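Trainee: Okay, structure incoming, though there's no sequence with it:
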């Protein structure tokens, strides 16, 4: 009997990484921005097609994609928040 290939198993696990939840997105926003509710409601991102974070969520964008757009929109964000 052949031993399982560890590399294959780790690749499968990597592909099945769960997507970011909305609560995680909200937590990250609150961790970086002093008033995250206002930021999510009022700041329009060209990276989200001219929408705010709240509009993008309502429009069906994935929270992970929204977070990536927020990071691109704020290039001075320290690495620990990325």
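Mentor: Perfect, I can see it now. On a predicted model such as this, the values are computed, not experimentally measured, just so you know. Numbers count the residues shown, from 1 in each chain.

Trainee: Do I have it right that residue 48 meets residue 63?
Mentor: No. Contact criterion C-beta atoms under 8 Å: residue 48 and residue 63 do not qualify, at 11.8 Å. Using the backbone N, CA and C atoms, a C-beta is placed for each residue, glycine as well.

Trainee: quick one: residue 62 and residue 78, what's the gap?
Mentor: To residue 78, residue 62 is 24 Å away according to C-beta to C-beta, to the nearest Å.

Trainee: quick one, which of those two is more surrounded?
Mentor: Comparing residue 62 with residue 78 by other C-beta atoms under 10 Å, the one with more neighbours is residue 62, at 14 against 8.

Trainee: wait, what's in contact with the more buried one?
Mentor: 19-20 (C-beta atoms under 8 Å, 6 or more residues apart in numbering).

Trainee: at 10 Å what do you get?
Mentor: 19-20, 22, 25, 56, 68 (C-beta atoms under 10 Å, 6 or more residues apart in numbering).

Trainee: same question, residue 73
Mentor: Contacts of residue 73 (C-beta under 10 Å, 6+ apart): 43-48, 53.

Trainee: now the helices for this protein?
Mentor: 6-15, 22-32, 36-42, 53-58, 63-73 (DSSP state H).

Trainee: rank those by pLDDT, which is bottom?
Mentor: Between the helices of the chain, the one with the least mean pLDDT is helix 6-15; it has a mean of 47.

Trainee: Residue 56 reaches residue 48, doesn't it?
Mentor: Yes. Look at residue 56 against residue 48 with C-beta atoms under 10 Å: they come within range, at 4.5 Å.

Trainee: Any figure for the gap between residue 62 and residue 37?
Mentor: From residue 62 to residue 37 the distance is 21 Å (C-beta to C-beta).

Trainee: rewinding a little: so can I have TSV of the helices of the chain showing distance to residue 82?
Mentor: As requested, the helices of the chain are exported to TSV (distance: least, C-beta to C-beta, whole Å):
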stretch	distance to residue 82
helix 6-15	19
helix 22-32	9
helix 36-42	16
helix 53-58	16
helix 63-73	5
